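Peer 1: A predicted structure for the sequence below; I have some questions about it.
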Amino acid sequence: MSTIRLTMAQALVRFLDNQYISIDGTETKFIAGVMGIFGHGNVTGIGEALERSPGSLVYVQGKNEQGMAHAATAYSKQTNRKQIYACTSSIGPGALNMVTAAGTATVNRIPLLLLPGDNFASRQPDPVLQQLEVSGDYTVSATDCFKPVSKYWDRIVRPEQLMSAALNAMRVLTDPAETGTVTLALPQDVQAEAYDYPEAFFAKRVHDIERRSPASDHVRRAVELIKSKKRPLLIAGGGVHYADATEELKEFVERFGIPVAETQAGKGALSWKHPLNVGGIGVTGGLAANKLAKEADLIIGVGTRYSDFTTASKSAFVHPEAQFLNINVNRMDSSKLEGTALTSDAKEALRALIDALSKESYNVAFTDGEVAGLKAEWDSEVDRLYALEWDGGLAQTRALGVINETIDERSVVVCAAGSLPGDLQRLWRVAEPKGYHLEYGFSCMGYEVSGAFGAALAEPEREVYALVGDGSYLMLHSELVTSLQERKKFTVLLFDNHGYQCIHNLQRGNGSDGFGNEFRYREPDTGRYTGEPMPIDFAAHARSLGAAAYKVSTAEDLRQALVKAKEEIRTTLIEIAVVPGTNTDGYESWWNVGVPAVSSSDKVTQAHAEMQKQLNKAKAY
């Protein structure tokens, strides 16, 4: 057996450079490159390997470990999990900065490979800088924090362990049902240790991503269930995109006349113009989908994990005979809500159902024009909100309308947190798949700018827009600088409403007078943040980083700024002053947030009583 002597880090880089996936006969290089920030714990190990022998892997210099890992997640999400960037960091705080991003990727079922540095395995320079010293367990280090947020975790304490660890990492990263964050903790000394690796370990590996076909008995049971129902509603989740099943979805619902509601991850699977697309569902859904949900006797979930936002805290589906048919490649997701599980790749399952149901002459029982009427009603409401004028300034819904009507249909919008995701799921009109990039599994503040960079890296031919609130922007905007460095332009649309207004609204809606959520000066007499709003100049901040920037406060100024931003060749920020509280809410939905049972405030007590009424209506699964 021929061998090659390499350090563990050099062997890892060489291995990663030779990993490919194959889907439906199309072969793709799986790992595009490595994003990293060097420090002690990785600079002389994997840093040396990337400097001297990177192969075809591209190195991207991050500015914040969490930010670069979000960018890697967004890159993978935008490519439908077909290609990834790995992320490397130093030990200690550099590694821990990636924990939030690790959770974000895992919750969203997105492959993310993290390569944090770790303490010396030899324990001789002990304790090293940034080392945790856990007196009861000396094997614990900062990288142990990745265990609960990783789908696979390993610490490589001998160089030969890399071989089994790397293969297990690829097994999980390329598994559609079990993918998420993979963390390989790399002790600082072991990265630099040499070993005679078999040359075969570095041969090109093609990982076949097989489309799991549904079992025939499961298809039969699913068909019998569908046949017994007359008012089905299909919920399109992110799995429709990841399985490249948008055409099959369209054929399925057209063949049988089944209306389609969308989750945040599934939005765009069917064009908003399609007569069967009834829009977003659940807490941040619209009237059409939520009305149909209340009367549905069958909910067909395709590639959705049924978050509490999708089910409106299990209050959305109240028909006494409502049942669930769950199409998902992940068995845990296909088994939820006491549903009939069709554990399968979405494309394969929809094909099987089309064939089987076509032989049964299945028909739904919606009245003539019922779905079309609900869709028309909702489209009119969106038009109204897009045109809404507000005496005190620019309404958030009006700003979204201007943006939606001005930018190109092929553009990609990226968002994650605050009031914007709710308005976007309800109101944003998506014409093409992958034009809507929402991270809403974690709703992670700070994802937006980093995610837009990742999306622009994945699809540089499309215009990319980060829609972000001022609170989220302040939390994390570091990869804006990386986008300038990499010449990967996107546009930041910063909605300035002077605070964490989404939570401020939630707070006041449940009995609070408002506390701690607005960006105001502290009043000396009360000690609370009730003074004047803080005058933060976000456009000036962006310019100081090297971006182009504009400030707008009217619909026409916003329209003109969007036109100018498209002409810019560098990342651009448009600061949009919007009136707080001009976002959407309601539309026959409810979210259980847990209101105190005891309070000195009558308003809180009343809110608790209202919560109990809603809880009594919700189903328990």
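Peer 2: Here it is on my side, so go on. Note that the structure is a prediction, hence the values are computed from the model and not measured.

Peer 1: From now on I want contacts and neighbour counts done on CA atoms only, so please keep to that.
Peer 2: Fine.

Peer 1: Backbone dihedrals for Leu325, please?
Peer 2: The phi/psi pair for Leu325 (degrees, to the nearest 10) reads phi -120, psi 120.

Peer 1: likewise Phe490?
Peer 2: The phi/psi pair for Phe490 (degrees, to the nearest 10) reads phi -140, psi 170.

Peer 1: would you list every one of the strands in the stretch 251-400 of the chain?
Peer 2: Secondary structure of the stretch 251-400 of the chain (DSSP state E, counting those that start in this stretch): strands at 260-262, 277-280, 298-302, 323-328, 340-343.

Peer 1: who does the third one pair up with?
Peer 2: In its sheet, strand 298-302 lies beside strand 232-236 (parallel), strand 323-328 (parallel), with partners assigned from DSSP bridges.

Peer 1: Tell me how far the longest one lies from the chain's centre.
Peer 2: Relative to its chain's centre, strand 323-328 lies at 22 Å (CA atoms, centre = their mean, to the nearest Å).

Peer 1: Now do that strand, average pLDDT.
Peer 2: Strand 323-328 comes out with an average pLDDT of 98.

Peer 1: residues in contact with the residue nearest to Asn517 when sequence neighbours are not counted?
Peer 2: Using CA to CA, 6 or more residues apart in numbering and skipping residues adjacent in sequence, the residue nearest Asn517 is Tyr500, 5.1 Å away. The contact partners of Tyr500, by CA atoms under 8 Å, 6 or more residues apart in numbering, come to 418, 470-471, 517-519.

Peer 1: Phe442 versus Tyr500, what's the distance?
Peer 2: In this view, Tyr500 and Phe442 are 17 Å apart by CA to CA, to the nearest Å.

Peer 1: For the chain, which element, helix or strand, carries the lowest mean pLDDT?
Peer 2: The least trusted helix or strand in the chain, going by mean pLDDT, DSSP states H and E, turns out to be helix 501-508, with a mean of 81.

Peer 1: tell me what it is packed against?
Peer 2: Using 3 or more CA pairs under 8 Å, 6 or more residues apart in numbering; DSSP states H and E, no helix or strand is in contact with helix 501-508.

Peer 1: Give me the contacts around it.
Peer 2: With CA under 8 Å, 6+ apart as the test, helix 501-508 has contacts from 418-419, 513-515, 517-518, 580-581.

Peer 1: And the residues you listed, which of them are buried?
Peer 2: With burial judged by 16 or more other CA atoms under 10 Å, the buried subset of these is 418-419, 514, 517-518, 580.

Peer 1: on that earlier part again, now the strands of the stretch 251-400 of the chain as a markdown table including mean neighbour count?
Peer 2: Below are the strands of the stretch 251-400 of the chain laid out as a markdown table (neighbours: other CA atoms under 10 Å):
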| stretch | mean neighbour count |
| --- | --- |
| strand 260-262 | 28 |
| strand 277-280 | 29 |
| strand 298-302 | 25 |
| strand 323-328 | 27 |
| strand 340-343 | 24 |
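
Peer 1: closest to Ile574 out of those strands?
Peer 2: Nearest to Ile574, of all the strands of the stretch 251-400 of the chain, is strand 277-280, at 26.9 Å by CA to CA.

Peer 1: low-confidence ranges in this structure?
Peer 2: Within the chain, no range satisfies pLDDT under 70.

Peer 1: So which residue is dead centre in it?
Peer 2: Compute the mean C-alpha point of the chain, and by CA atoms, centre = their mean the closest residue is Glu439, 2.2 Å away.

Peer 1: how close does the nearest residue to it once chain neighbours are set aside sit to Ser472?
Peer 2: What sits nearest to Glu439 in space, not counting adjacent residues and going by CA to CA, 6+ apart, is Ala416, at 4.8 Å. Ala416 sits 9 Å away from Ser472, taking CA to CA as the criterion.

Peer 1: No further questions, thank you.
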